[in-house]
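**Student:** Predicted coordinates and the sequence they were generated for:
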Amino acid sequence: MASTDSQPIVIVGGGIAGLATSRALRQRGIDSLVLERSPQAADGGLAINLPGNAIAALRRLGLTDAIERLGHPVRKREYRTGGDRLLAAIDEDAFWGETMRPRAVRRADLMAMLGDGLDAPAIRFGTTIAAIRQEAATVQVGLTGGDTVSARLLVGADGVRSTVREMTMGSQGATTARLASASWRFMAPNPGGIDGWTLWTGEHGMILLLPVDDATVYGWVTVRSTGIPGNDHRHLGEAFRTFPERVRQVLDWALAHPEDVYHSPIEEVRLATWTKDRVVLMGDAAHATAPVWAEGAALAMEDALALAAIVADSDDMAAIGPRFEQARRDRVAHVQAMTDRLSKAARLPHALRTMLMPFITPRSYRATYEPLKQFSPS
């Protein structure tokens, strides 16, 4: 027989956004239930670069010691040509300062620290949403199998392909990013000499290598061609065959282990509204952007802190959505605008892009991140 459970706040999605939201609410003494469709906790990918505002969010979430222990410091950025000529360099230590120093971390470690202390019954794995019905004072969330969860507020933190968004907002969905249509990601041994965030750009594509510890780098690759099958790794080798030896060494190692190379589309979500009555979208479900500024996780964790602050300060659950959107819309719009600007520059002809990068890259970096140094939860 189907059963009905009653919860004050239900969060759909046990990724970075959902776990951060549950944690932020717990910090304020507010219970929630996380529904995750995967049968068990997943690492959500390979690794992630966390800029300074993401580090600040983790500090607010009580995870200072954890991120300092598990995150690898990222002290500088370098932008290079396919021939290894330095185009631009950013001193991230000088820009962010010690307390907001960017770090690279394995996603599994980030997920584990965000979910620390969140166990059954506060999270249910293997749970799929079948229906959402809004009533005057509640949201009824139908689950596959027939059970129903009744909530005063439903939070859609279920990513780019959000089920909550589809069920509440209709056909509005993800679109291909302007930067490129797809990317490939992997982990590989550090061949030596890669000691910071380093991007090489060439006529046919870009490759980013980022140390996650003293011996391992995270790689992210995109190419300018469209319609390439995700398993066409020979094309990747050809696109970067003239790049520096250290880059080719990393890529060759990855291509020799194709089972560890992950292909995914690069998608964005732009919505006119993130809320509908007692349903609130957040994180990538509301505003996914191409990863040019690595702000996806940062914005998601800031969303979590902002939403928790508003929930703690409100007696009217129906008013939380509009307040949340008002608090977050301008900051997200800034990141989206700067993402569009850099994505447009990345699609310029190679020669022109190479000529402009020494001038536009440092300015774009400062223009993007300077406003993000300050954050108010609500």
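**Tutor:** Looks like it came in fine.
**Student:** got any ranges where the stretch 251-378 of the chain has weak pLDDT?
**Tutor:** Applying pLDDT under 70 to the stretch 251-378 of the chain picks out residues 378.
**Student:** Show me the strands in the stretch 1-150 of the chain, by range?
**Tutor:** Here the stretch 1-150 of the chain has its strands, by DSSP state E, counting those that start in this stretch, at 4-12, 33-35, 47-50, 72-73, 76-81, 86-91, 103-106, 123-124, 129-134, 139-143, 148-156.
**Student:** closest to Phe359 out of those strands?
**Tutor:** strand 86-91 (8.4 Å; CB to CB). For every residue, glycine as well, the C-beta is placed using N, CA and C.
**Student:** So what's the residue count around Gly115?
**Tutor:** Using other CB atoms under 10 Å, Gly115 is surrounded by 22 other residues.
**Student:** who's in contact with it?
**Tutor:** If a contact means CB atoms under 8 Å, 6 or more residues apart in numbering, then Gly115 has Gly14, Leu19, Ser22, Arg23, Ala41, Ile123 as its contacts.
**Student:** Tell me which two in the residues you listed are the farthest apart.
**Tutor:** Arg23 and Ala41 (14.1 Å).
**Student:** who has more neighbours, the two?
**Tutor:** Arg23 (23 against 16).
**Student:** mind checking how far that one is from Gly14?
**Tutor:** According to CB to CB, to the nearest Å, Arg23 stands 12 Å off from Gly14.
**Student:** same deal with Ser364?
**Tutor:** 34 Å.
**Student:** ok, the two, which is more surrounded?
**Tutor:** Gly14 (28 against 18).
**Student:** Can you pull the phi/psi pair for that one?
**Tutor:** phi -110, psi 30 (degrees, to the nearest 10).
**Student:** so how many other residues sit close to the closest residue to it other than its chain neighbours?
**Tutor:** The shortest distance from Gly14 to any non-neighbouring residue, by CB to CB, 6 or more residues apart in numbering, is to Glu36 (3.1 Å). Residues contacting Glu36 under the criterion other CB under 10 Å number 24.
**Student:** what do you get for Pro189?
**Tutor:** Residues contacting Pro189 under the criterion other CB under 10 Å number 12.
**Student:** Test my guess that Glu36 contacts Ile123.
**Tutor:** Yes: with contacts counted by CB atoms under 8 Å, Glu36 reaches Ile123, the gap being 6.3 Å.
**Student:** okay if I get the contacts of Gly115 as a markdown table plus pLDDT?
**Tutor:** Conversion of those to a markdown table gives the following (pLDDT from 0 to 100):
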| residue | pLDDT |
| --- | --- |
| Gly14 | 95 |
| Leu19 | 97 |
| Ser22 | 97 |
| Arg23 | 97 |
| Ala41 | 67 |
| Ile123 | 92 |
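**Student:** Just name the closest of those to Ala57, please.
**Tutor:** Nearest to Ala57 among these, counting by CB to CB, is Arg23 at 10.7 Å.
**Student:** ok, Tyr232 to Glu259 distance?
**Tutor:** You called it Tyr, but residue 232 is Asp. 15 Å.
**Student:** Show me which of these two is the more surrounded one.
**Tutor:** Higher neighbour count among Asp232 and Glu259: Asp232, with 15 against 5, using other CB under 10 Å.
**Student:** returning to that earlier point: for Ile207, which of the strands of the stretch 1-150 of the chain is the nearest?
**Tutor:** Checking the strands of the stretch 1-150 of the chain against Ile207 by CB to CB gives strand 76-81 as the closest, at 10.0 Å.
**Student:** Quick one: mean pLDDT for the closest one?
**Tutor:** Here strand 76-81 scores 96 as its mean pLDDT.
**Student:** which ones are touching Val247?
**Tutor:** Trp200, Ile207, Leu209, Phe240.
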